[in-house]
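Engineer: Provided below for reference: sequence and predicted model.
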Amino acid sequence: QVQLVESGGGWVQPGGSLTLACVTSGVTFSSSAMSWYRQLPGQEPEVVASSFNAGAGTNYERSVKGRFTISSNNNKNTVYLKMNDQKPENTAVYYCSAQDYRDRDYWGQGTQVTVSS
């Protein structure tokens, strides 16, 4: 059974940093695509960062490229999203997602990130 549990959300000032963590079970990083999504109120979730083949490849949404970093610790079965230079428009609920080799999608419960002064 696949489970994803996010943590690390909270309040951060503009320009500050925050790191989200997604503890997984039942996920094999080497054969799964791991992603972080954000969902603004009233909008569909959008992908902000993805990691493939246990971090061998990564993709970032254009607005976060250079500021956000997705990484994983295979020993801890955990995926991270380090967010630097936070901006108010990054305020959203952030979700961790896993897509396995059969293209099945799994989601965590989400964690709120609020960027304000």
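Structural biologist: Done, it's in. In this text the structure is predicted, and so the values were computed from the model without any measurement.

Engineer: run through the bridge partners of M34.
Structural biologist: S51, A98 (DSSP bridges).

Engineer: centre-most residue in the protein?
Structural biologist: Taking C-alpha atoms, centre = their mean, the centroid of the chain lies closest to W36, which sits 2.6 Å from it.

Engineer: can you give me the strands for this structure?
Structural biologist: Under the criterion DSSP state E, strands of the chain are mapped to 3-7, 10-12, 18-25, 33-39, 46-52, 57-60, 68-73, 78-83, 92-99, 105-107, 111-115.

Engineer: turn these into CSV, including mean pLDDT.
Structural biologist: Formatted as CSV, these follow (pLDDT from 0 to 100):
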stretch, mean pLDDT
strand 3-7, 97
strand 10-12, 97
strand 18-25, 97
strand 33-39, 97
strand 46-52, 96
strand 57-60, 96
strand 68-73, 96
strand 78-83, 97
strand 92-99, 97
strand 105-107, 96
strand 111-115, 97
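
Engineer: about what we covered before: so the residue nearest to the centre of the chain is in contact with A49, correct?
Structural biologist: Yes - under the criterion of C-beta atoms under 8 Å, W36 is in contact with A49, at a separation of 4.8 Å. Every residue, glycine included, has its C-beta placed from N, CA and C.

Engineer: which residues do these two both contact?
Structural biologist: Among the neighbours of W36, those also in contact with A49 (C-beta atoms under 8 Å, 6 or more residues apart in numbering) are F68, I70, L81.

Engineer: what number of residues are in the vicinity of the second one?
Structural biologist: As a burial measure, I70 scores 22 neighbours (other C-beta atoms under 10 Å).

Engineer: give me the nearest residue to it, chain neighbours excluded.
Structural biologist: The shortest distance from I70 to any residue that is not its chain neighbour, by C-beta to C-beta, 6 or more residues apart in numbering, is 4.0 Å, and that residue is A49.

Engineer: correct me, but the one you found touches R62?
Structural biologist: No - taking C-beta under 8 Å as the contact criterion, A49 and R62 are not neighbours in contact, 11.5 Å apart.
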